[in-house]
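# here is a sequence with its predicted model. Questions after.
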Amino acid sequence: MARPRVLAALLLGCACVVNQVTAIDLSHRHTLSGMHSMTGMETSGVAGEPEIRWGTNTTHIEVELAYPTLGWLALGISPNGGMDQSDVLFGYVDDATREVIVQDRYIVATDMSRVNPKLDSQQDWAMVSGSQNKSHTTIRAVRKLRTCDPEDRPFGTGTLKMIYSYNPNDPPTKEGRPQKHTERGSAAINFLQPPSKSDNQATEPIVQWVNATIGDYILNGDKTEYICRLIKLPNFPQKLHAITTYPVIDPRTEEFVHHIVVFTCMNPLPATADTSGPFECGEKNNGQAKAMSMCSTMVGLWTVGGQPSHYPPEAGLPFTQDLSGTYFLIQMHYNNPLGKKGLSDNSGLAYSLTDKLRKYDVGTLATGIVNVDPIFTIPPNLDEFRMTAQCSDKCTSSLPTPINIFGVNIHMHTRGRVAVGRHFRGNKELEPFVNNRNYDFNYQTTADFTPSRTFLPGDRIVTECTFTTKTDDKIIYGGENTDNEMCFLFFYYYPKSPRQMFCITDYTVSGYMQAVGFPYSKIMALKVEKKESETVFQALDRLYEKRHRDVKIQQFLSEEIFPQLQAHTDGINWTASSVRKIEDFYRSSHYKTCGSTPDSPPFIEPLTDWSDYQCGGLRPPNTGDDDVPVLPTTSQQQTTNGVTPRDHAAQSFFFALLGLGICQVFL
């Protein structure tokens, strides 16, 4: 009588799996290269590299792991790239029974010698299939994007820090602690990024190519390098459309090229600009700092694992006659952990151009904070510090027609953690354009919208950037250098506006001085030329507003004003009160809009996405009193907060105070 019961149980178990598992197309693929061997050598060679494939729908993710092992394998979501508190998919094919084992585990690691990948009490991964050949084990499993399990981490928008490992042997027991990995590594992956649409691939004839490559740069052996080059564009006898952007990755240095960014530059560049070859990026390169500050509109981005980028079938990036002889700026990031030197690289991006013009031109709308100087101040030793910028309705009302936004790039530097682009129409908030709770400077990607999003004249965009300085003991200022910080969103849209859209916030120097408590006696002692009936604050703001257009004003600010401001702020003893005061300044209306007009946006709260915890009364982790939730730190938000997928409507927010910014539209 026992055999029918066993059969019934097996049938019931199969029925449960069928109910939970739906066929999801595995439309994404990522090779997990650069494994760290326990022998200290780095694994190389395609045949020896593990690979993952995955696909998602509105509620579930399905993952297939194919690793070069005949033992156990694992893939985990990590809070910071380490093992502790990681949520792990663990699996293997039992050597004795050929049973496919899929498990949900959670790692507790007090140090490297005490790592416990324990079984979750709630098993959320369901096995789809598994197999093993002479060299590889393949495991396929499915799980909800958000399980409401305190020991699971959500698959949300933005880049997740992943860990992966394997061992050539099966674990000693099914329920027990497996033996230590022999190979391990980490990666950053955006699981909810839509795949490149094959139906967007161009059919028009290609008549010209524009290659933006670094020009045979020789790696110097540093573990991290940021190298730039100014590239002169060819002549364009007629208007052409770029319809696809292709990564050009030099096979000699493929393992070191981490990301590539291309910007357009204003014309003309300063006479001091060096266009002869590659140079070190950032303000430390004084000879090139001015030229780099004039190259701010992003027109291309590639990161590790990226594919060609196809513009929508109805639109193309215009290359017109007036671009002839102007410049692109290419920025290369090299990740060289073994310090190899002497290798030559000529990677970059290539633009395919056609003379069969599409219906619309593609434009770029830049939002964010334009203060890339000491007015952009992040105090040290903070888990999180939020800055806010407004793309005002007073600026976007000048758009001649509605536009269609089809993609957005985030640009912060290494301390950026969260980036949000919120969309308002009058008093109504629409779905955010972007809500990346896991930003990683080393893994920048483009968020694509399919279908595109409609943006009307008079709509408003609120940009929120959150930074962490918990490992810094000095102030972080705004600047081009990766040691400084920035806060920008670059939106790609069509049809292109006849005006170049820099819808950005420019905070006033007078408001900043008040926020940081700069002594009034020192303000009055500044050698500022005032107009009749103008106060010293008004004069400072007038000069500061013109800094991008007047070299003498730039020199005056750099030599007379900024050094005194930095000397003052560097001496501040940052308390909770002083931090709140300057953070409130970046939530205030101390800015100009559309060049010189004050803005008065409606009051809104900052976006704090707790949708992952709206699960039958489940409370967020690390809260205080049962009735009074305590907002998590930035690091907690990274590891636990997510956002509903782009086609999922439900969102829930807790709110705190938000401030205001500006926009400018430059002709």
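Done, it's in. Numbers count the residues shown, from 1 in each chain.

# can you pull the pLDDT of residue 534?
In the predicted model, residue 534 carries a pLDDT score of 88.

# that one is in contact with residue 542, isn't it?
Yes: the pair residue 534 and residue 542 qualifies as a contact (Cβ atoms under 8 Å) at a distance of 7.5 Å. Glycine gets a C-beta too; all of them are placed from N, C-alpha and C.

# what's the following helix or strand after whichever strand or helix holds residue 410?
Taking DSSP states H and E as the definition, one finds residue 410 inside strand 403-411. Moving toward the C-terminus from strand 403-411, the first helix or strand encountered (DSSP H and E) is strand 416-425.

# starting at the chain centroid, how far to that following strand?
Strand 416-425 sits 12 Å away from the centroid of its parent chain (Cα atoms, centre = their mean, to the nearest Å).

# for that strand, packing partners?
If contacts are counted by 3 or more Cβ pairs under 8 Å, 6 or more residues apart in numbering; DSSP states H and E, strand 416-425 sits against strand 403-411, strand 428-436, strand 460-467, strand 487-494, helix 634-640.

# could you tell me the angle between the third one and strand 487-494?
When axes from the mean of the first three to the mean of the last three Cα atoms, to 10 degrees is applied, the directions of strand 460-467 and strand 487-494 differ by 140 degrees.

# partners of strand 460-467 in the sheet?
Note on strand 460-467: by DSSP bridges, its sheet partners are strand 385-391 (antiparallel), strand 416-425 (antiparallel).

# before we move on, what about the fourth one?
Here the strand partners of strand 487-494, with direction, are listed using DSSP bridges: strand 363-369 (antiparallel), strand 403-411 (antiparallel).

# so which of the helices and strands packed on strand 416-425 is nearest residue 133?
Ranking the helices and strands packed on strand 416-425 by their distance to residue 133 (criterion: Cβ to Cβ) puts helix 634-640 first, at 35.9 Å.

# which residues of the stretch 1-150 of the chain fall in helices?
Secondary structure of the stretch 1-150 of the chain, counting by DSSP state H, counting those that start in this stretch: helices at 2-20.

# what residues of the longest strand anywhere in the chain count as buried?
Ranked by residue count under DSSP state E, the longest strand found in the chain is strand 100-111. By neighbour count on 16 or more other Cβ atoms under 10 Å, the buried set for strand 100-111 is 100, 101, 102, 103, 104, 105, 106, 107.

# returning to that earlier point: of residue 534 and residue 542, which one has the most company?
When residue 534 and residue 542 are compared on other Cβ atoms under 10 Å, the one with more neighbours turns out to be residue 542, at 17 against 14.

# just the pLDDT at residue 471, thanks.
Model confidence at residue 471, given as pLDDT, is 92.

# kindly apply the preceding question to residue 331 instead.
Model confidence at residue 331, expressed as pLDDT, equals 93.

# one more: residue 366?
Confidence at residue 366, expressed as pLDDT, is 88.

# what do you get for the one 3 residues further on?
pLDDT, residue 369: 91.

# could you pull out the strands for the stretch 51-200 of the chain?
Listed in chain order, the strands of the stretch 51-200 of the chain (DSSP state E, counting those that start in this stretch) span residues 51-56, 60-67, 73-78, 87-93, 100-111, 114-119, 126-132, 137-144, 160-166, 183-189.

# closest to residue 213 out of these?
strand 183-189 (24.8 Å).

# now that closest one, how far from the centre of its chain.
Average the C-alpha atoms of strand 183-189, do the same for its chain, and the two points are 18 Å apart (Cα atoms, centre = their mean).

# quick check: buried residues in the helix or strand just after that strand?
Along the chain past strand 183-189, the next helix or strand (assigned with DSSP H and E) turns out to be strand 208-213. By 16+ other Cβ under 10 Å, the buried positions in strand 208-213 come out as 210, 212, 213.

# quick check, nearest of those to residue 135?
Using Cβ to Cβ, the shortest approach to residue 135 within the buried residues of strand 208-213 belongs to residue 213, at 36.8 Å.

# can you classify residue 579 as helix, strand or coil?
Secondary structure assignment for residue 579 (DSSP: H, G, I helix; E, B strand; the rest coil): helix.

# OK, contacts around the closest residue to it other than its chain neighbours?
Of all residues beyond its chain neighbours, the one nearest residue 579 is residue 379 (5.2 Å), with distances taken as Cβ to Cβ, 6 or more residues apart in numbering. Taking Cβ atoms under 8 Å, 6 or more residues apart in numbering, we find residue 379 in contact with 385, 469, 475, 572, 574, 578, 579, 582.

# 10 Å - rerun?
If a contact means Cβ atoms under 10 Å, 6 or more residues apart in numbering, then residue 379 has 385, 467, 469, 472, 474-476, 516, 569, 572, 574-575, 578-579, 582-583 as its contacts.

# so which of those residues belong to helices?
569, 578, 579, 582, 583 (DSSP state H).

# pLDDT wise, what is residue 621 at?
Residue 621 is assigned 36 on the pLDDT scale.

# now the buried residues of strand 208-213 in a markdown table, with distance to residue 229 and pLDDT?
Putting the buried residues of strand 208-213 into a markdown table (distance: Cβ to Cβ, whole Å; pLDDT from 0 to 100) gives the following:
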| residue | distance to residue 229 | pLDDT |
| --- | --- | --- |
| 210 | 14 | 97 |
| 212 | 8 | 96 |
| 213 | 8 | 97 |
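
# which of these lies closest to residue 24?
The shortest distance between residue 24 and any of the buried residues of strand 208-213, using Cβ to Cβ, involves residue 212 and amounts to 36.7 Å.

# please name the nearest non-neighbouring residue to residue 504.
If the residues on either side of it in the chain are set aside, residue 504 comes closest to residue 370, at 4.5 Å by Cβ to Cβ, 6+ apart.

# now swap in residue 85 and tell me
Here the nearest residue to residue 85 in space, its sequence neighbours aside, is residue 79; by Cβ to Cβ, 6+ apart that works out to 5.4 Å.

# how near is the one you found to residue 328?
Using Cβ to Cβ, to the nearest Å, residue 79 is found at 37 Å from residue 328.

# higher neighbour count, those two?
When residue 79 and residue 328 are compared on other Cβ under 10 Å, the one with more neighbours turns out to be residue 328, at 23 against 19.

# next, the angle strand 208-213 makes with the helix or strand harbouring the more buried one.
Applying DSSP H and E as the criterion places residue 328 in strand 327-335. When the same axes, to 10 degrees is applied, the directions of strand 327-335 and strand 208-213 differ by 50 degrees.

# give me the sheet partners of strand 327-335 and which way each runs.
Paired neighbours of strand 327-335 in the sheet (DSSP bridges): strand 224-232 (antiparallel), strand 257-265 (antiparallel).

# and after the first one, which helix or strand comes next?
Past strand 224-232, further along toward the C-terminus, the next helix or strand under DSSP H and E is strand 240-248.

# my read: the residue nearest to residue 504 touches residue 296, true?
Yes: in this structure residue 370 lies within contact range of residue 296 using Cβ atoms under 10 Å: 8.9 Å.

# between those two, which one's more packed in?
Using other Cβ under 10 Å, the more surrounded residue of residue 370 and residue 296 is residue 370, with 25 against 22.

# coming back round to it: which of the buried residues of strand 208-213 sits closest to residue 248?
Looking across these and measuring by Cβ to Cβ, the closest to residue 248 is residue 213, at 5.9 Å.
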